[in-house]
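Q: no FASTA, just this:
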């Protein structure tokens, strides 16, 4: 067991290192965006003095390295800085109220919404993919197998907004079962929230199922030529038992990794679906912030996305290790 | 005695590239209750296919085209898949060649053991568990109470093979198919497994089909023997008749393989400089020491056989000599000059002088290069030959290994048989024109007749080119055939060394004695006598433990 803990600690340290490298990349990339917040907000008629004043106020006049370490130092302590867009520029006329919206305040509710959507989607997509993958492996090369493959491949190949509109057409317009708008606000009951989230979640399910289902199928079929699978057959075990009890436990590692990758996608890559359903998630906030060069928010979003990828992959690594009896029970 | 299995005129085909080619051509066999049939033949003879067919099972890409298989009155070819599943595991069981690969790595041994009885409704899980522990005890597994709660990777190969026999017994079947159950084991481990299998089959009066390519093994286990050659039945007779009076030429040739032996060479005059001298070498993998103070010399034109069980340090010694694993202590001298410990510090000529031939010719040849390229590479690298000269040299080498150049120059390794691939491995080693070649278990993956051909080739090359060999093997028949001197290794130490004729004449070191006496002989009473001699509780592990 000690070796497992050591491996986990190693991965954790590596994850932190990756996060640090990513933070440098994010900062550099964001700084390479043409124009800055001062120019963006003041528009074409801005006087150089006004631009300079805002830059100074926001600390944009400092050299990038200083700004990077200020930002990093804050981020480590949990302070992601203040949002530019929500800042009160009344100070220029001598009436600063002193109240500023922090990035954390702005991101927190959006991030919670995104996590909720991702969780609902995962609860539908992961079991569906696993079951379909197992059945496809069991009835490989049958009509069922081919139909599943074609359907999931079609859904992953179609643009997300198209899938979204098709679902809206069938589930909201022709049969008004679910609301087509996902306007979520604080204080909603869980049931209402779930109802409003269901359509975007179904859309995303169609997007992520193919990958997970096909990996499940392939990982299982890959093992079917193993001597221990032949042994299970020669013990007279039913085909279903051979796959679920003998193949699946040995196929978990690749499946877990693909699931993690797709969950990370659900957290970071769902802007289009959010826009279609007007879902107040972090994706929309991110795009809006890029538009107006609200650098602290952009950086914070990127950092959260990177952390989500790293954490989920780390989790997948750990689960893969735990699914391997050789590592769980060393000689 | 009543008939249990009856196979009549069975034809089996296998698919290769869209066409069906025959694997078994009209085999027939009858097996009575409680009887053991030995199926022998070389690889590719269709033994496993026939064994599986007796269970009504064919692998993917294999089909039964004609004939009948009846088990206790049930037609297994006509039976539905569900009907067959009812029989498999419950009344017909299977023991595979590699238990390590055939146990599911994800489950504990006892869970795999109880699966059959529980799923077939023979016993409850608790009953089957208790029964499993009892079977483990009867099969003389250490810690029978506890061993089942381990995962397969936590148990040694010989023990796994016995656990698999226990698993096959779990439903008390009428028939067990043993598919080369001891081929992957060391001789000393093999004895325990053979004795366990024989005892338990006798105790429960189980019928068995015992598949192997080793005659001496089958002589111990079977009541009658059937010989197969490329899907055709050669002959069948009861064991004693078959051993004493084989009728067919092919059977006689199988019997004769073990007779090949080189004449003893005259002793090396004292004071001669050995080609390779291993002096007090110790080595370790990381912090784990694996070699302790190993010393021996190899003289020009001589073969030193290094023998021992797996894990005894034979291959590690070879890695030290080639510089792949720098020793922690000691030196390796070549022609009286010390060699740099790491191969990276050796010059091209030092590298050229020592070549290697590997056990698995399959994995040692680049599958995407033609034979001409594989042999041409060292010709160019070491000898600097290119173009026509290089081609001529490769053709000479192919000639040397008795493969016509015109036919083989452009072929890929996948188009060759196992024995031919091993010959290519030899030609590649010869291409460097070395003085010294390390042969690492070069014949252990080959059938006996093919292996004999390789040994004869190596012997001829040695005489022609004054080569020195270090011959790593665990097979004492090979040692007898080719060695001049023998080094016996155990747990990283040399326990005995000397000229071959001394090694095969008592008195021996007790470990050498154990190795020698563990090699199965063609006498059907050999195992019984040996067990009596050693005392039943004193076989294998126990015997080794006592000595060390």
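A: Now that the structure is in, tell me what you want to look at. Nothing here was measured: the structure is a model prediction, and the numbers come from that model.
Q: so how far is the host helix or strand of residue B:251 off the chain centroid?
A: Using DSSP states H and E, residue B:251 sits within helix B:249-256. Offset of helix B:249-256 from its chain centre (C-alpha atoms, centre = their mean, to the nearest Å): 20 Å.
Q: Kindly report the same for stretch A:171-186.
A: The chain centroid and the centroid of stretch A:171-186 are separated by 23 Å under C-alpha atoms, centre = their mean.
Q: same check, this time on stretch B:415-431
A: In terms of C-alpha atoms, centre = their mean, the centre of stretch B:415-431 is set 19 Å apart from its chain centre.
Q: Can you mark which positions in stretch B:61-73 are buried?
A: B:62, B:64, B:67, B:69, B:70, B:71, B:72 (16 or more other C-beta atoms under 10 Å in any protein chain shown). For every residue, glycine as well, the C-beta is placed using N, CA and C.
Q: for stretch B:237-249, same thing?
A: Judged by neighbour count using 16+ other C-beta under 10 Å, the buried positions of stretch B:237-249 are B:237, B:239, B:242, B:243, B:246.
Q: Same check on stretch A:40-52?
A: In stretch A:40-52, counting by 16+ other C-beta under 10 Å, buried: A:40, A:41, A:51.
Q: residue contacts, residue B:428?
A: Going by C-beta atoms under 8 Å, 6 or more residues apart in numbering or on different chains, residue B:428 touches B:355, B:374, B:375, B:377, B:378.
Q: ok, it to residue B:359 distance?
A: Remark: distance between residue B:428 and residue B:359 (C-beta to C-beta, to the nearest Å) = 15 Å.
Q: picking that back up, where's the dip in pLDDT among the buried residues of stretch B:61-73?
A: In terms of pLDDT, the lowest of these is residue B:62, showing 88.
Q: What residues does it make contact with?
A: Taking C-beta under 8 Å, 6+ apart, we find residue B:62 in contact with B:12, B:13, B:14, B:15, B:23, B:49.
Q: Using TSV, lay out those together with secondary structure and neighbour count.
A: Formatted as TSV, the contacts of residue B:62 follow (DSSP: H, G, I helix; E, B strand; the rest coil; neighbours: other C-beta atoms under 10 Å in any protein chain shown):
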residue	secondary structure	neighbour count
B:12	strand	24
B:13	strand	21
B:14	strand	19
B:15	strand	12
B:23	strand	24
B:49	helix	25
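Q: now, among these, which is nearest to residue A:80?
A: Closest approach to residue A:80 among the contacts of residue B:62 (C-beta to C-beta): residue B:15, at 63.1 Å.
Q: about what we covered before: and the helix holding residue B:251, which residues are buried?
A: For helix B:249-256, a neighbour-count test (16+ other C-beta under 10 Å) marks B:250, B:251, B:254 as buried.
Q: so what does it touch, helix or strand wise?
A: For helix B:249-256, the packing partners by 3 or more C-beta pairs under 8 Å, 6 or more residues apart in numbering or on different chains; DSSP states H and E come out as strand B:224-229, strand B:232-238, helix B:448-465.
Q: That one to strand B:232-238, inter-axis angle?
A: Angle, helix B:249-256 to strand B:232-238, by axes from the mean of the first three to the mean of the last three C-alpha atoms, to 10 degrees: 60 degrees.
Q: Pairing partners for the next helix or strand after helix B:249-256, with directions?
A: Note on helix B:249-256: by DSSP H and E, the next helix or strand toward the C-terminus is strand B:276-285. If you go by DSSP bridges, strand B:276-285 pairs up with strand B:288-298 (antiparallel), strand B:329-334 (antiparallel).
Q: Count the neighbours of the closest residue in space to residue B:34 that isn't next to it in sequence for me.
A: For residue B:34, ignoring the flanking residues on the chain, the nearest one in space by C-beta to C-beta, 6 or more residues apart in numbering or on different chains is residue B:205 at 4.3 Å. Using other C-beta atoms under 10 Å in any protein chain shown, residue B:205 has 11 other residues around it.
Q: was I right about residue B:205 contacting residue B:32?
A: No: at 10.9 Å, residue B:205 does not count as touching residue B:32 under the criterion of C-beta atoms under 8 Å.
Q: hmm, back to that, what does the helix holding residue B:251 contact?
A: B:40, B:215, B:227, B:229, B:234, B:235, B:242, B:243, B:246, B:448, B:449, B:522.
Q: before we move on, what about stretch A:261-277?
A: A:114-115, A:117-118, A:121-122, A:125, A:159-161, A:164-165, A:168, A:180-182, A:199-200, A:203-204, A:207-208, A:211-212, A:279-284, A:286-287, A:305, A:308-309, A:312-313, A:316.
Q: do stretch B:193-208 as well
A: Counting by C-beta under 8 Å, 6+ apart, B:4-5, B:31-37, B:95, B:135, B:138-140, B:158, B:161-162, B:165, B:169, B:172-178, B:181-182, B:185, B:217, B:220-221, B:520, B:527, B:531, B:536, B:539 sit against stretch B:193-208.
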